[in-house]
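Novice: below: sequence and its predicted model.
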Amino acid sequence: AILLCGADVREGENEEGGEGAGDRQVLYANRSAAYASCNRHVEALADAEHCILLGSSNLGQRRRSEALLGLGRLQEAEAASALAEHDSMSQDLRHSPLLAQHNAASNPSL
């Protein structure tokens, strides 16, 4: 465990065993937020990028945007924020009941 700004932030286990990728995504996202709250934006950015690599694009891009903003990299922060919003909208659309109805109507054999 790591004590960061008074909070206990647990390290993930090795890649082969222990926690799954989803758990590691949450770990990196939360640790990125903790680093950002301590003005440790370089570390926050690194953890946000780990989160993205593990497949959590929406949350990872939001954390990346926050870290980049803290580093004063405003254009990159805006781009990451736009990606997070796009990913969120795409995810919402994929889970939309209207999309399910449309797909069912388009493919009656399903």
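Specialist: Structure's in. What do you need?

Novice: next structured bit after the helix or strand bottoming out on mean pLDDT in the chain?
Specialist: Lowest on mean pLDDT, DSSP states H and E among the helices and strands of the chain sits strand 7-9, with a mean of 53. Moving toward the C-terminus from strand 7-9, the first helix or strand encountered (DSSP states H and E) is helix 21-37.

Novice: tilt between the helix or strand just after that following helix and helix 21-37?
Specialist: Counting by DSSP H and E, the next helix or strand C-terminal to helix 21-37 is helix 41-53. Relative orientation of helix 41-53 versus helix 21-37 (axes from the mean of the first three to the mean of the last three C-alpha atoms, to 10 degrees): 160 degrees.

Novice: contact partners of the helix or strand just after helix 41-53?
Specialist: Using DSSP H and E, the helix or strand that directly follows helix 41-53 along the chain is helix 57-70. Helix 57-70 has contacts (C-beta atoms under 8 Å, 6 or more residues apart in numbering) with 25, 28-29, 32-33, 35-36, 39, 41-42, 44-45, 47-54, 74, 76-78, 80-81, 83-84, 87-88, 91. For the C-beta atoms, the positions are set from N, CA and C on the backbone; glycine is no exception.

Novice: and helix 57-70, what's its mean pLDDT?
Specialist: What helix 57-70 shows for mean pLDDT is 90.

Novice: quick revisit: of the contacts of helix 57-70, just the buried ones, ChimeraX syntax please.
Specialist: Buried residues within the contacts of helix 57-70, by 16 or more other C-beta atoms under 10 Å, are selected in ChimeraX with:
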select :25,28,29,32,33,35,36,41,44,45,47,48,49,50,51,52,54,76,77,80,81,83,84,87
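
Novice: separation between the closest residue to residue 56 other than its chain neighbours and residue 38?
Specialist: Distances taken as C-beta to C-beta, 6 or more residues apart in numbering place residue 25 nearest to residue 56, at 3.9 Å, with adjacent residues excluded. Look at residue 25 and residue 38: by C-beta to C-beta, to the nearest Å, they are 21 Å apart.

Novice: what's the local residue count around residue 43?
Specialist: 16 (other C-beta atoms under 10 Å).

Novice: in contact with residue 42, which residues?
Specialist: 67, 71.
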